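Asks: need a structure here:
(one chain, ligands or ions: 1)
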Amino acid sequence: MSMLNKKTIEDINVSGKKVLVRCDFNVPLKEGVITDENRLNGALPTIKYLIEKGARVILCSHLGKPKGEAKPELSLAPVAKRLSEMLGKEVVFAADDNVVGENAKDAVSKMNDGDVVLLQNTRYRKEETKNEETFSKELASLAEVFVNDAFGTAHRAHCSTVGAGEFLQERACGYLIQKELKFLGEAVENPVRPFTAILGGAKVSDKIAVINELLEKVDNLIIGGGMAYTFLKAQGYEIGTSLVEEEKIEYAKEMMEKAKAKGVKLLLPIDNAISNAFADNERQVTNDANIPEGFMGLDIGPKTIDEYVKAVKESKTIVWNGPMGVFEFKNFSEGTLAVAKAMADLTDATTVIGGGDSAAAVNILGFGDKMTHVSTGGGASLEFLEGKELPGIVALDNK
Ligand code: AMP
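Replies: Okay, the predicted model is just below:
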């Protein structure tokens, strides 16, 4: 795959050079405090390496969706402060509302080798998400070489992820992207078998491409979450008021046939945890896959949990994207918890969590460290698993 042969920061000369580094500092903030530091931790190895090599490190990132305006609540100032603490070294914050302004130019001109500057939120500029040359050139004018380490936005062609690099001498990926590509890439391209994919979450329509692609590769495909009910309906079961996409029933049938033709074991719920409303009500359980009138499936049932956990235990490579139920409701978090725990307990298997809600769930449950890899990019890892080329990676130099 063309994305797996890219230059890394170790392949380029960074010493004494001004290096523009696109990071993923899109962190959750509550009243100016960062509530989840996973993405900051993910960025540290690259920043530390560049400091050690005596590069002049110019960091940039987006935060939230300011839609081309300077929104003070989406300033990267709290990130500069926290990064300074984490690195034990000052990260100078260039507080320009237009990102590349006098503050940024001044801060960069004062840099010594090994210094770090953080630019303001790149999405303060409306050109950013359109990958317009004006802003790309401004960003590039600050530096000599480009490093992309923002896996979370690698599926987007923006000025800071693609455009700016085009006007610099060299383009390489950082350690985080390298790690993401290694684990996601190995899992998909060269998995130790049995290879099991677990897909959940709300909608079939979000996962169409990934179901189709994974059926070419896996030994087992486990389906849970809201998307399972479209499959159950396609099998002829009663699903009550569960989430369903009528227009995807035919597709679900096709996928069931494809699984059969490819010899892939497709696991669907054989019982359900249900409620009479979309609320954290008492957990009731069905005897089989059928759901009575007036009830909706909000989690996989106990027999299904046993079956899915058994399949997980027998696997050597597992990729998971999307919760097994409405895990935000305590009474319907059991399925998601059981799958997470079964994966965390495995000692001789490769376990990869494909970002988004499942990564958040695994981290909240404290299982993050027990997985081989927890991806920092929900959308990006899904597109990777769909077999798509990610523009932020394609744009980097080949080795
Ligand atoms: P996604 O972003 O596609 O991974 O979907 C995650 C969301 O799907 C979570 O917020 C879950 O609450 C929701 N979800 C999971 N299972 C169900 C279900 N059975 N019914 C409705 N929503 C669900």
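Asks: Outline the domain layout of the protein.
Replies: 9-176, 183-385 (automatic domain parsing).
Asks: Without its sequence neighbours, what residue ends up closest to the residue of the stretch 151-300 of the chain found nearest the ligand?
Replies: Closest residue of the stretch 151-300 of the chain to the ligand, CB to the nearest ligand atom: residue 201 (2.6 Å). Every residue, glycine included, has its C-beta placed from N, CA and C. Among residues not flanking residue 201 along the chain, residue 322 sits closest, at 3.0 Å (CB to CB, 6 or more residues apart in numbering).
Asks: excluding its backbone neighbours, what's nearest residue 216?
Replies: residue 262 is the one closest to residue 216 (CB to CB, 6+ apart), at 7.1 Å.
Asks: err, residue 308, not the other one
Replies: Residue 308 sits nearest to residue 222 (CB to CB, 6+ apart), 5.5 Å away.
Asks: same question, residue 252
Replies: Nearest one to residue 252, counting by CB to CB, 6+ apart, is residue 234 at 3.9 Å.
Asks: Near the one you found, how many other residues are there?
Replies: 20 (other CB atoms under 10 Å).
Asks: That one against residue 247, yeah?
Replies: No: at 11.8 Å, residue 234 does not count as touching residue 247 under the criterion of CB atoms under 8 Å.
Asks: what about the strands in the stretch 151-300 of the chain?
Replies: 171-173, 195-199, 220-223, 265-267, 272-275, 284-285, 296-300 (DSSP state E, counting those that start in this stretch).
Asks: got the CA positions of the second one in CSV?
Replies: Looking back up the chat, that one is strand 195-199. What follows is strand 195-199, C-alpha atoms only, in CSV (Å, rounded to 0.1, in the frame of the first residue of the first chain):
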residue,chain,number,x,y,z
PHE,A,195,-8.6,-12.2,12.4
THR,A,196,-11.8,-10.8,13.9
ALA,A,197,-13.4,-7.4,13.3
ILE,A,198,-16.0,-6.1,15.7
LEU,A,199,-18.3,-3.3,14.4
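Asks: Parallel or antiparallel, list what pairs with that strand.
Replies: Here strand 195-199 is paired, per DSSP bridges, with strand 220-223 (parallel), strand 317-321 (parallel).
Asks: Adding mean pLDDT as columns, could you present those strands in CSV?
Replies: As requested, the strands paired with strand 195-199 are exported to CSV (pLDDT from 0 to 100):
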stretch, mean pLDDT
strand 220-223, 98
strand 317-321, 96
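Asks: Packed most tightly, which of these would that be?
Replies: Per-stretch averages of neighbours, counted by mean count of other CB atoms under 10 Å, single out strand 317-321 among these, with a mean of 27.
Asks: following it, which helix or strand comes up?
Replies: Per DSSP states H and E, the first helix or strand lying C-terminal to strand 317-321 is helix 334-345.
Asks: Tell me the helices and strands packed up against that next one.
Replies: Packing partners of helix 334-345 (3 or more CB pairs under 8 Å, 6 or more residues apart in numbering; DSSP states H and E): strand 296-300, helix 302-313, strand 317-321, strand 350-353, helix 356-364.
Asks: If we ignore the residues flanking it in sequence, what's nearest residue 208?
Replies: residue 251 (6.6 Å).
Asks: What about the one you found, how many residues nearby?
Replies: Neighbour number of residue 251 under other CB under 10 Å is 18.
Asks: In this structure it contacts residue 209, no?
Replies: No: contact criterion CB under 8 Å: residue 251 and residue 209 do not qualify, at 11.1 Å.
Asks: Spell out which residues of the stretch 151-300 of the chain are next to the ligand.
Replies: 201-203, 206, 225-226, 243, 297-298 (CB under 6 Å from any ligand atom).
Asks: Filter these down to the buried ones.
Replies: Buried by 16 or more other CB atoms under 10 Å: 201-202, 225-226, 243, 297-298, out of those.
Asks: all helices of this structure, in order?
Replies: 38-52, 77-87, 102-109, 133-141, 164-166, 175-189, 208-214, 228-234, 249-262, 302-313, 334-345, 356-364, 378-385, 391-394 (DSSP state H).
Asks: Go through the helix or strand of the chain with the lowest mean pLDDT and flag the buried ones.
Replies: Within the chain, no helix or strand scores below helix 356-364, which has a mean of 85 by mean pLDDT, DSSP states H and E. Residues of helix 356-364 classed as buried by neighbour count (16+ other CB under 10 Å): 356-363.
Asks: Out of the residues you listed, the closest to the ligand would be?
Replies: residue 357 (4.4 Å).
Asks: Name the nearest residue to the residue of the chain positioned farthest from its centre, ignoring sequence neighbours.
Replies: Using CA atoms, centre = their mean, the residue of the chain lying farthest from its centre is residue 293. It sits 36.6 Å away. Nearest residue to residue 293, sequence neighbours excluded (CB to CB, 6+ apart): residue 240, at 5.8 Å.
Asks: okay, the strands paired with strand 195-199 in TSV with distance to residue 74 next?
Replies: Converted to TSV, these look like this (distance: least, CB to CB, whole Å):
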stretch	distance to residue 74
strand 220-223	36
strand 317-321	27
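Asks: For burial, what's the neighbour tally of the residue nearest to residue 275 when sequence neighbours are not counted?
Replies: Leaving aside its sequence neighbours, residue 275 sits nearest to residue 281 (CB to CB, 6+ apart; 4.4 Å). Residues near residue 281, counting by other CB under 10 Å, number 14.
Asks: where's residue 281 relative to residue 108, distance?
Replies: Remark: distance between residue 281 and residue 108 (CB to CB, to the nearest Å) = 57 Å.
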